[in-house]
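**Student:** The following block contains a protein sequence and its predicted model.
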Amino acid sequence: MSVFHLEDFIAGWIGGASSVVVGHPLDTTRLQAGNSYRNTIHCVLSIYKKETVAGFFKGMSFPLASITVYNSLVFGFFSNTQRLISKYRYGNERQACGMLDLTVASALTGLVSVGLGAPSLQLAGSASGGGNIQLRAVGVADQRLYRGPLHCVSSVLRSEGLQGLYRGAGAMVLRDVPGYTLYFIPYTVLCGLLSPDGKSNAHPASICLAGGLA
């Protein structure tokens with residue numbers, strides 16, 4: 001039986017898409033609430049009145065494209081790494097991983113997340129008009145330095161090479177490796193505790209609860 005399971009990547013993709021669809025309207029409201037609106041309710045009503053429901057999802061295409069791929073690869077990598085460790089250490093991919101195994105799988109996932117996330121942060125900055133990459137020429141109002149994400153990444157590669165896309169990657173390693181370790185270990189342990197009958201797959205409700213608690 002193959003250790004590689006494609007469904008883990010699909011589940012990560014669905015989870016990432018769901019988080020964007022649910023979270024983007026909240027982010028839109030949060031970012032605009034301080035711009036000439038009396039309060040959050042006034043902001044929500046004003047956006048709905050001017051742009052209807054579509055106004056809450058404006059600018060969602062890039063986060064939807066990037067975060068879904070990111071989540072898919074991160075969660076798929078973690079789950080498949082767990083199975084790979086179990087197969088080679090215990091001879092059975094269904095064997096529950098020990099604490100050391102989970103730590104190794106989580107730390108490796110953190111490193112993968114940095115490899116994927118550092119360029120994405122640069123592109124997100126260019127798409128949203130903020131972040132690490134300056135979008136406008138200094139001293140010239142409303143003159144865009146980058147036309148969009150693709151133009152941004154091509155310009156950075158030409159001027160700085162590949163390392164330009166990984167500015168701040170060292171700080172991300174210090175954040176993501178322990179961060180994913182502290183997330184995935186409680187998540188995996190809670191999934192096991194919430195399915196005490198020993199089934200290989202926890203109930204979807206248990207998985208949602210474990211993810212929320214972690």
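**Tutor:** It's in. Residues are numbered from 1 along each chain as shown.

**Student:** What is the burial count for residue 41?
**Tutor:** 11 (other CB atoms under 10 Å). To be clear about C-beta, it is placed using only N, CA and C from the backbone, and glycine gets the same treatment.

**Student:** How about the one 3 residues further on?
**Tutor:** Neighbouring residues of residue 44 were enumerated by other CB under 10 Å; the total is 18.

**Student:** I'd say it and residue 29 touch.
**Tutor:** Yes - the pair formed by residue 44 and residue 29 meets the contact definition of CB atoms under 8 Å, at 5.8 Å.

**Student:** Which elements pack onto the host helix or strand of residue 29?
**Tutor:** Counting by DSSP states H and E, the element that carries residue 29 is helix 6-32. Based on contacts counted as 3 or more CB pairs under 8 Å, 6 or more residues apart in numbering; DSSP states H and E, the elements that helix 6-32 packs against are helix 40-51, helix 61-90.

**Student:** from memory residue 10 sits against residue 72, does it?
**Tutor:** Yes - counting by CB under 8 Å, a contact exists between residue 10 and residue 72, whose distance comes to 7.3 Å.

**Student:** Between those two, which has more neighbouring residues?
**Tutor:** Of the pair residue 10 and residue 72, residue 72 is the one with more neighbours under other CB under 10 Å, namely 21 against 13.

**Student:** What's the separation between the nearest residue to residue 70 once chain neighbours are set aside and residue 169?
**Tutor:** Closest residue to residue 70 apart from its sequence neighbours, by CB to CB, 6 or more residues apart in numbering: residue 116 at 5.4 Å. Spatial separation of residue 116 from residue 169 under the definition CB to CB, to the nearest Å is 11 Å.

**Student:** Check residue 6 too.
**Tutor:** Distance, residue 6 to residue 169, using CB to CB: 28 Å.

**Student:** between these two, which one's more packed in?
**Tutor:** Under the criterion of other CB under 10 Å, the comparison of residue 6 against residue 169 puts residue 169 first, with 17 against 10.

**Student:** these two touch, right, the more buried one and residue 114?
**Tutor:** Yes - checked against CB under 8 Å, the pair residue 169 and residue 114 is within contact range at 5.7 Å.

**Student:** shared neighbours, these two?
**Tutor:** With contacts defined as CB atoms under 8 Å, 6 or more residues apart in numbering, no residue is adjacent to both residue 169 and residue 114.

**Student:** just checking, which of the helices and strands packed on helix 6-32 sits deepest inside the structure?
**Tutor:** Mean neighbours per residue, mean count of other CB atoms under 10 Å, is largest over the helices and strands packed on helix 6-32 for helix 61-90, with a mean of 19.
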